[in-house]
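> Below is the sequence, then the predicted model.
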Amino acid sequence: MDEIIGYAVVFIIIAGLFYALVKQIKETRSSEHIAGSALFRKQMARKNIVMTAALFGILVFYTLNIVSGIAPSIQVSDSFTARATLLSFFVYFYARLIMKPKQVDHIRKLYH
């Protein structure tokens, strides 16, 4: 019974990551049409692309980590997948929190 609950929790986590990835891809595609300067749109697009790639990495490496634990015949190192998942997680939060695009006000630049 505990094993079934464990698999259900893992499935819910993977489904949540997949949902977040699909939502992030939609946000990345819609970021081309936001208001602002060209530099702001470029920085926002870069941030969204990095976040999408990091979420994809989290999903792939986490799934590989789970699959390698279930099926030991798969030749993937658990430590490699765990480190790659953690690295992707840090890259995602770096992009989410640190890579904030700066809105440039062209009118203020003209008068100062």
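That came through, no problem.
> and Ser31, how many neighbours does it have?
Close neighbours of Ser31, defined as other C-beta atoms under 10 Å, add up to 16. Every C-beta, even on glycine, is put in place using the N, C-alpha and C of the backbone.
> Can you tell me the element the residue nearest the centre of the chain falls in?
Nearest to the geometric centre of the chain sits Leu55, at 2.3 Å (C-alpha atoms, centre = their mean). In the assignment (DSSP states H and E), Leu55 maps to helix 38-70.
> still on that earlier bit, thinking the residue nearest to the centre of the chain is in contact with Gly16, fair?
No - taking contacts as C-beta atoms under 8 Å, Leu55 lies outside contact range of Gly16: 11.0 Å.
> ok, then the element right after the helix holding Leu55?
With DSSP H and E, the next secondary element past helix 38-70 is helix 78-97.
> what mean pLDDT does that next one have?
Averaged across helix 78-97, the pLDDT comes to 90.
> Same check on stretch 51-59?
The pLDDT scores in stretch 51-59 average 94.
> and if you look at stretch 24-34?
The pLDDT scores in stretch 24-34 average 83.
> For it, list every residue counted as buried.
Applying a neighbour-count criterion of 16 or more other C-beta atoms under 10 Å, one finds 24, 28, 31 buried in stretch 24-34.
> Tabulate the CA atom coordinates of it in CSV.
Extracted C-alpha coordinates of stretch 24-34, given in CSV (Å, rounded to 0.1, in the frame of the first residue of the first chain):
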residue,chain,number,x,y,z
GLN,A,24,5.7,28.3,-19.3
ILE,A,25,5.9,27.5,-23.0
LYS,A,26,2.6,29.4,-23.5
GLU,A,27,4.0,32.3,-21.5
THR,A,28,7.2,32.3,-23.6
ARG,A,29,5.3,32.3,-26.8
SER,A,30,3.0,35.2,-25.6
SER,A,31,6.0,37.3,-24.4
GLU,A,32,6.7,38.4,-27.9
HIS,A,33,3.6,40.6,-27.9
ILE,A,34,4.0,42.4,-24.6
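> Check the buried residues of stretch 24-34 against Phe61 and report the nearest one.
Of all the buried residues of stretch 24-34, Phe61 sits closest to Gln24, with 16.4 Å by C-beta to C-beta.
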